[in-house]
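A.B. asks: just to be clear, the model below is a prediction. Sequence and coordinates:
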Amino acid sequence: MASSQRSSVVMTLKEHTKYIVGVSQPRSHSAFSLVSGSVASDVCSWDLRIPRCVHVITPFTRGFMTALACHDYAPLLATGSNRQQARIFTNAGDPLSDIRFHEGFAGQRIGKVSALAWHPHKLMLAVGATDNLVSIMAC
């Protein structure tokens, strides 16, 4: 390996107790901000100048968190769980929306959430589930 391709650990953040399901560094925030979430349903907001979590959100009280996505420009984050639901929060931790399933005769239930992705510029969220479906939600 050439010396120009070497990398090294600059910092290790150790507040989570279970494995990490998502890490994001939103573009619109400070270069020092980072968001991470673990399967234990804790979402930590980090200021990389301080080696500890500055804000914690607990999106689910039952079940496991399986996915995390932060919008690059809007102050929003989405979390998904194995209990067939996704939740949208502001970066301050205020809940905005709860996505469980679509009501109605031909409504499709969502499966266990396995992936989340925000549109880069619009307030649209794609929710991928273990039932082979992708649902696109307008927020």
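C.D. replies: That came through, no problem.
A.B. asks: which ones are touching Phe138?
C.D. replies: Small correction: residue 138 is Ala, not Phe. In this structure, Ala138 makes contact with 123-124, judged by Cβ atoms under 8 Å, 6 or more residues apart in numbering. Using the backbone N, CA and C atoms, a C-beta is placed for each residue, glycine as well.
A.B. asks: can you check Val39 too?
C.D. replies: For Val39, the contact set (Cβ under 8 Å, 6+ apart) comprises 18-21, 64-66.
A.B. asks: try it again with 10 Å
C.D. replies: 16-21, 63-66, 81-82 (Cβ atoms under 10 Å, 6 or more residues apart in numbering).
A.B. asks: likewise His121?
C.D. replies: Neighbours of His121 in contact, by Cβ under 10 Å, 6+ apart: 71-74.
A.B. asks: could you redo the last one with a cut-off of 8 Å?
C.D. replies: Tyr73.
A.B. asks: among the contacts of Val39, name the buried ones.
C.D. replies: Under a neighbour-count criterion of 16 or more other Cβ atoms under 10 Å, the subset of the contacts of Val39 counted as buried comprises 16, 21, 64-66, 81-82.
A.B. asks: would you turn those into JSON lines with distance to Ser97 and secondary structure?
C.D. replies: As requested, those are exported to JSON lines (distance: Cβ to Cβ, whole Å; DSSP: H, G, I helix; E, B strand; the rest coil):
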{"residue": "His16", "distance to Ser97": "25", "secondary structure": "coil"}
{"residue": "Val21", "distance to Ser97": "19", "secondary structure": "strand"}
{"residue": "Phe64", "distance to Ser97": "20", "secondary structure": "coil"}
{"residue": "Met65", "distance to Ser97": "16", "secondary structure": "strand"}
{"residue": "Thr66", "distance to Ser97": "18", "secondary structure": "strand"}
{"residue": "Ser81", "distance to Ser97": "14", "secondary structure": "strand"}
{"residue": "Asn82", "distance to Ser97": "19", "secondary structure": "coil"}
